[in-house]
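**Q** predicted model, plus sequence, below.
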Amino acid sequence: MPNESRKARVSIRKNALVATIAILGSRIFGLVREQIFAIFFGASFALDAYIAAFRIPNLLRDLFAEGALSQSFITIFSQKNAQGKERDAYDIANTVSTFLILLLGLLVILGIVFSPFIVSLIANGFTGEKYHLTVQLNRILFPFILFVALAALLMGMLNAKNRFFLPQSASTLFNITSIGMGLLFAYWMAPDYISSIFNKLRGLPPAAAIPNPSTLSQAMTGMALGTLLGGFVQWLVQLPALYKLGYRPRLRFDFKNADFLKILALTLPAIIGGAGVQINVMINTVFASYLADGSISYMNYAFRFMQFPLGLFGVAIATASAPALAKMIIQDKKDDFQKTMRSSLQMSLFFSIPSMVGLILLATPIVSLIYEHGRFHAIDTAQTAIALQAFSAGIVGYSLIKIYQPAFLAFHDTKTPMTISLFSIMTNTALNYGLMVIMGFGHWGLALSTSCVATLNFILLAIYFEKKKMPGIWNQELWSQLGKCLLASLAMGLAVWGSFVWAQKLLVPSKILGQLFVVFLPIFVALPVYLGMGLLLKIPEVDFIINKIRRK
């Protein structure tokens with residue numbers, strides 16, 4: 001039994017590494033996508049409108065795609081596979097897919113019809129051209145949720161079959177499609193505007209220095225069409241792999257099936273439990289709509305960038321551990337569950353703490369390097385950087401929440417995360433009002449509020465899980481891991497700051513080379529310092545990484 005437990009933990013580490021490699025490509029192209037928006041739209045009213053319009057589809061995507069329904073489905077699907085009932089598992093998948101098509105199809109129709117009301121609700125501060133553009137983009141983007149929800153079900157099935165690279169790479173194809181086709185549609189709808197930005201990047205005089213609002217709206221409409229097409233591609237690309245594994249997609253209306261009803265029973269309270277972060281982000285949008293133009297864009301750029309390490313490590317580890325934890329509970333291997341849970345938390349701490357420190361210290365040069373081109377200026381860099389620092393303070397909380405959510409689902413408990421999430425939403429609203437309205441912190445106060453609430457959410461989940469579900473996870477070993485990671489990250493942070501200050505004093509012949517040097521020198525210094533401290537402090541993840549490199 002101990003040997004099986006060790007093999008399970010090693011397998012999760014391997015799968016997490018595979019998922020990390022796949023997610024790396026997705027996050028890189030995700031950053032490229034954000035960079036394209038920064039270059040072509042800066043922090044304009046048009047980008048504010050796009051982000052606000054995408055809030056509701058994004059929220060529903062997280063609920064049905066990456067959140068409650070997906071995790072509930074993966075739990076039951078994995079347990080059926082662990083029992084050798086593959087045919088039943090595929091039947092459940094078709095039933096859930098049919099249910100999603102019917103439910104989300106209806107939501108899409110309602111969303112398109114009532115888009116003006118939705119926009120008034122989530123961006124009440126928008127008026128004039130900004131409001132009308134948001135309504136138009138919201139209608140275009142609403143069908144996106146259907147494609148990505150179905151894509152997430154395929155992703156969960158492949159993960160349960162120990163296929164991690166392809167499903168995590170599907171979002172890479174989403175980003176590539178949305179970038180390429182988005183620019184193509186934008187050029188088709190506003191050729192002079194897109195050409196002027198290209199000319200500026202090439203050092204040629206732009207055709208129009210100050211675009212009119214109508215031109216910006218047309219170009220952004222093209223980008224929204226590209227996003228919608230990217231969601232379709234993300235679903236389509238995963239089908240062949242599952243077809244080879246024996247899955248045959250078809251409509252199945254077996255809504256009285258006991259397993260399907262169990263998924264619904266798990267999902268309904270988990271919708272609120274898993275949506276806390278996104279609901280808080282949407283509440284932030286409501287508050288930020290009353291701030292100056294660009295405030296929503298600053299927060300979006302920062303939040304997306306913060307999600308880069310979160311996706312690489314937090315999501316990858318959670319993706320690898322979720323099917324394993326579900327199988328261990330159905331097989332009554334609680335000791336293995338405890339050790340696997342602890343190992344997942346250790347890995348998450350190992351990666352998330354230095355990520356938090358690095359982003360806080362290097363926020364300004366990183367934002368400048370990635371975004372400060374085209375219509376994105378130095379003032380935009382400064383405003384985005386302080387939001388990134390505020391969001392980065394919550395990386396550890398975000399990462400550990402990702403581990404606890406499937407753990408609660410493995411016990412078929414969704415009410416506890418729901419209750420904690422409701423409390424976090426109320427807390428976030430109160431903090432937003434206090435930090436933005438009373439203290440006048442502006443958009444970065446909203447970001448800081450989100451980070452504080454995410455950390456509180458994790459602490460409450462951990463306390464309850466320890467007391468009611470499985471005591472002993474946070475033992476001396478895990479607390480020791482936390483202390484070691486903090487100590488190693490402190491040493492890394494000192495090295496990063498020292499190399500950053502030194503790099504700034506050097507004269508580099510060109511601006512872009514200077515930006516690259518100021519960003520990458522501290523990163524190259526950080527890696528050996530952190531890993532070296534990890535070896536010195538005997539952090540197990542360092543040995544695992546080094547052994548993998550040696551074998552390769």
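**A** Good, I have the coordinates.
**Q** show me the contacts for H377.
**A** When contacts are counted by C-beta atoms under 8 Å, 6 or more residues apart in numbering, H377 touches G42. C-betas here are computed from N, CA, C, even on glycine.
**Q** next: the one 5 residues further on.
**A** Taking C-beta under 8 Å, 6+ apart as the definition of contact, the neighbours of A382 are T364.
**Q** and it, what helix or strand is that in?
**A** Under the criterion DSSP states H and E, the helix or strand holding A382 is helix 378-392.
**Q** enumerate the positions of that helix that are buried.
**A** Along helix 378-392, these residues count as buried under the neighbour rule (16 or more other C-beta atoms under 10 Å): D380, T381, Q383, T384, A385, I386, A387, L388, Q389, A390, F391, S392.
**Q** how far out from the middle of the chain is that helix?
**A** The gap between the average C-alpha position of helix 378-392 and the chain average comes to 18 Å, counting by C-alpha atoms, centre = their mean, to the nearest Å.
**Q** same check, this time on stretch 361-371
**A** The answer for stretch 361-371 is 19 Å, by C-alpha atoms, centre = their mean.
**Q** quick check: the gap between the residue nearest the centre of the chain and C485.
**A** By C-alpha atoms, centre = their mean, the mean C-alpha position of the chain lies nearest to Q307, the distance being 4.9 Å. Separation of Q307 from C485 (C-beta to C-beta, to the nearest Å): 20 Å.
**Q** same check, this time on Y530
**A** For Y530, the distance to C485 (C-beta to C-beta) stands at 9 Å.
**Q** which neighbours do those two share?
**A** Listed contacts common to Y530 and C485 are P354; contacts here mean C-beta under 8 Å, 6+ apart.
**Q** the nearest residue to F45 once chain neighbours are set aside is in what secondary structure piece?
**A** Of all residues beyond its chain neighbours, the one nearest F45 is K130 (4.7 Å), with distances taken as C-beta to C-beta, 6 or more residues apart in numbering. When secondary structure is defined using DSSP H and E, the element that contains K130 is helix 128-141.
**Q** that helix: which residues count as buried?
**A** Neighbour counts using 16+ other C-beta under 10 Å place 129-141 of helix 128-141 among the buried residues.
**Q** tally of neighbours for the closest residue to L229 other than its chain neighbours?
**A** With C-beta to C-beta, 6+ apart as the measure, M181 is the residue that lies nearest to L229, at 5.0 Å, once sequence neighbours are left out. A total of 19 residues lie near M181 under the criterion other C-beta atoms under 10 Å.
**Q** what pLDDT does M181 get?
**A** At M181 the predicted local confidence, pLDDT, stands at 93.
**Q** give the contact list for it.
**A** Listed by C-beta under 8 Å, 6+ apart, the contact set of M181 reads L225, G226, L229, G230.
**Q** for the stretch 151-300 of the chain, just list every one of the helices.
**A** For the stretch 151-300 of the chain, the helices defined by DSSP state H, counting those that start in this stretch cover 165-189, 191-201, 213-236, 239-244, 258-274, 276-288, 295-309.
**Q** compute the inter-axis angle for the last one and helix 276-288.
**A** When axes from the mean of the first three to the mean of the last three C-alpha atoms, to 10 degrees is applied, the directions of helix 295-309 and helix 276-288 differ by 160 degrees.
**Q** rounded mean pLDDT for helix 295-309, please.
**A** Confidence over helix 295-309, taken as the mean pLDDT, stands at 82.
**Q** for the stretch 1-150 of the chain, which spans come out with low pLDDT?
**A** Per-residue confidence for the stretch 1-150 of the chain (pLDDT under 70) gives these ranges: 1-24, 59-71.
**Q** which residues sit against stretch 247-254?
**A** Defining contact as C-beta under 8 Å, 6+ apart, one finds that stretch 247-254 is touched by Y90, D91, A93, N94, T95, S97, T98, I101, M157, L239, L242, F260.
**Q** re earlier: make JSON lines out of the buried residues of helix 378-392 and add pLDDT and distance to E86.
**A** Formatted as JSON lines, the entries for the buried residues of helix 378-392 read as follows, by pLDDT from 0 to 100; distance: C-beta to C-beta, whole Å:
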{"residue": "D380", "pLDDT": "88", "distance to E86": "52"}
{"residue": "T381", "pLDDT": "89", "distance to E86": "52"}
{"residue": "Q383", "pLDDT": "90", "distance to E86": "52"}
{"residue": "T384", "pLDDT": "90", "distance to E86": "48"}
{"residue": "A385", "pLDDT": "92", "distance to E86": "50"}
{"residue": "I386", "pLDDT": "92", "distance to E86": "51"}
{"residue": "A387", "pLDDT": "92", "distance to E86": "47"}
{"residue": "L388", "pLDDT": "92", "distance to E86": "45"}
{"residue": "Q389", "pLDDT": "93", "distance to E86": "48"}
{"residue": "A390", "pLDDT": "93", "distance to E86": "47"}
{"residue": "F391", "pLDDT": "92", "distance to E86": "42"}
{"residue": "S392", "pLDDT": "91", "distance to E86": "42"}
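**Q** and those residues, which two are furthest apart?
**A** For those, the farthest-apart pair by C-beta to C-beta is D380 and S392; their separation is 18.1 Å.
**Q** isn't T172 up against V32?
**A** No. With contact taken as C-beta atoms under 8 Å, T172 and V32 are classed as non-touching, separated by 10.4 Å.
**Q** which one's more surrounded, these two?
**A** Set side by side, T172 and V32 show unequal neighbour counts under other C-beta under 10 Å, the larger going to T172 at 20 against 13.
**Q** circling back: what does the helix holding K130 contact?
**A** Counting by C-beta under 8 Å, 6+ apart, the neighbours of helix 128-141 from elsewhere in the structure are 45-46, 48-50, 52-54, 56-57, 111-112, 115-116, 118-120, 123, 126, 213-214, 217, 220-221, 224-225, 227-228, 293.
**Q** buried ones among the residues you listed?
**A** Buried among the contacts of helix 128-141 by 16+ other C-beta under 10 Å: 45-46, 48-50, 52-54, 56-57, 111, 115, 118-119, 123, 126, 217, 220-221, 224-225, 227-228.
**Q** please, which helix or strand holds the closest residue to N175 other than its chain neighbours?
**A** Taking C-beta to C-beta, 6+ apart as the measure, N175 lies nearest to F29, with 3.7 Å between them; neighbours along the chain are not counted. Secondary structure assigned from DSSP H and E places F29 in helix 2-41.
**Q** please tell me how far M492 sits from V525.
**A** When C-beta to C-beta is the yardstick, M492 and V525 sit 8 Å from each other.
**Q** and the two? Which one has more around it.
**A** More crowded of M492 and V525, by other C-beta under 10 Å: M492, with 26 against 18.
**Q** does that one touch L531 like I think?
**A** No. Between M492 and L531 no contact is recorded; they are 9.3 Å apart, counting by C-beta under 8 Å.
**Q** stretch 151-169: how far from the chain's middle?
**A** Relative to the mean C-alpha coordinate of its chain, stretch 151-169 is positioned 16 Å out (C-alpha atoms, centre = their mean).
**Q** buried ones in that stretch?
**A** By neighbour count, with 16+ other C-beta under 10 Å as the criterion, the buried positions of stretch 151-169 are 151-161, 163-164, 166-169.
**Q** now swap in stretch 530-540 and tell me
**A** In terms of neighbour count (16+ other C-beta under 10 Å), stretch 530-540 has its buried residues at Y530, L531, M533, G534, L537, I539, P540.
**Q** which residues does that stretch contact?
**A** So stretch 530-540 is in contact with 346, 350, 354, 481, 484-485, 487-489, 491-492, 541-543, 545-546, going by C-beta under 8 Å, 6+ apart.
**Q** switch to 7 Å and redo it
**A** The contact list for stretch 530-540 (C-beta atoms under 7 Å, 6 or more residues apart in numbering) reads F350, P354, Q481, K484, C485, L487, A488, S489, A491, M492, V542.
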